[in-house]
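Student: Fold the following and give me the result.
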Amino acid sequence: MLEEMLKNVREKNPLIHNITNYVTVNDCANVVLACGASPIMADDQEEVAEITSICTGLNINIGTLNTRTIESMVIAGKKANELHHPVVLDPVGVGASTLRTQTALKLLKEIQFSVIRGNISEIKTLALGSGTTKGVDANLADKVTAENIHEVVSFAQEFSKKTGAVIAITGAIDIVCNESVAYAIYNGHKMMSSITGTGCQLSALTASFISANSHRLLEATVAAVCAMGLAGEIAYKRLTVLDGNASYRNYIIDAIYNMTPKQLQEGAQFQEVLL
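Tutor: The predicted structure follows:
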């Protein structure tokens, strides 16, 4: 399953429109290139509809939210829906401020998303309409564990049913589901939390994978999440005593660039969760 997903990205070279945050925009562009897709970063209201029209997928990330780009996100999202292009929402830090929460809920109301990806606190806030997050990080109390995984999956599947989107909850254990099928993913390394932007990169990566596999959204999202986690594992093994989090960030992108479909298939650690 996963082998085919990555092959399709490399063969189809989808063009991905990213309205993302300026903290990680360069890393997002590079990870899109590394997986075999092509990035465009454009967020002005005067061109987002036109840019979306020439792309095959859209990634919306509210990480460095500002009033100038909120309407740009809506315009681009509606154009993507009109063209039946897949759309990813990354509700970074939703719950941290009123503007951030209201904007995420507005986007959810006005745009049909293919995939919604965030940490557990962000997804809970989005689903419930209110909540708090530790900045852009998940609250410790919300951590997905072996003990509460069925509860989290049940919650995520209800949210999927409500939104019509694949839900991807990322953390030490990742959950990817639609309303009827759910997978737990165990790839990754704890050092990934020491660099800014692995979540943002994953959302851009997910947009690339689902754009090349638009009729298999769940499987493509699983493949993207496994690929990012596996890259984190491979990158960690490259570190020397002189390397730190900056090198680790670059090694992750290198790992995506060099990853083969067979390597992804064999290195992915995931299993279906049955309720």
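Student: and the closest residue to Val273 other than its chain neighbours, bridged to which residues?
Tutor: With CB to CB, 6 or more residues apart in numbering as the criterion, Val273 has its nearest non-adjacent residue at 4.5 Å, and that residue is Ala182. For every residue, glycine as well, the C-beta is placed using N, CA and C. Beta bridges link Ala182 to Cys177 when assigned by DSSP bridges.
Student: Tell me how many other residues surround Ala182.
Tutor: 24 (other CB atoms under 10 Å).
Student: What segments of the stretch 101-250 of the chain are strands?
Tutor: With DSSP state E, counting those that start in this stretch as the criterion, the stretch 101-250 of the chain has strands at 115-118, 166-169, 174-177, 182-185.
Student: Out of those strands, which is closest to Ala212?
Tutor: strand 115-118 (13.4 Å; CB to CB).
Student: Does that closest one pack against any helices or strands, and if so which?
Tutor: Counting contacts by 3 or more CB pairs under 8 Å, 6 or more residues apart in numbering; DSSP states H and E, strand 115-118 packs against strand 87-90, helix 120-128, strand 166-169, helix 198-212, helix 217-238.
Student: In JSON lines: these, plus mean neighbour count, mean pLDDT and distance to Ala146.
Tutor: Formatted as JSON lines, the helices and strands packed on strand 115-118 follow (neighbours: other CB atoms under 10 Å; pLDDT from 0 to 100; distance: least, CB to CB, whole Å):
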{"stretch": "strand 87-90", "mean neighbour count": "29", "mean pLDDT": "98", "distance to Ala146": "26"}
{"stretch": "helix 120-128", "mean neighbour count": "23", "mean pLDDT": "94", "distance to Ala146": "14"}
{"stretch": "strand 166-169", "mean neighbour count": "28", "mean pLDDT": "98", "distance to Ala146": "15"}
{"stretch": "helix 198-212", "mean neighbour count": "29", "mean pLDDT": "97", "distance to Ala146": "22"}
{"stretch": "helix 217-238", "mean neighbour count": "24", "mean pLDDT": "98", "distance to Ala146": "17"}
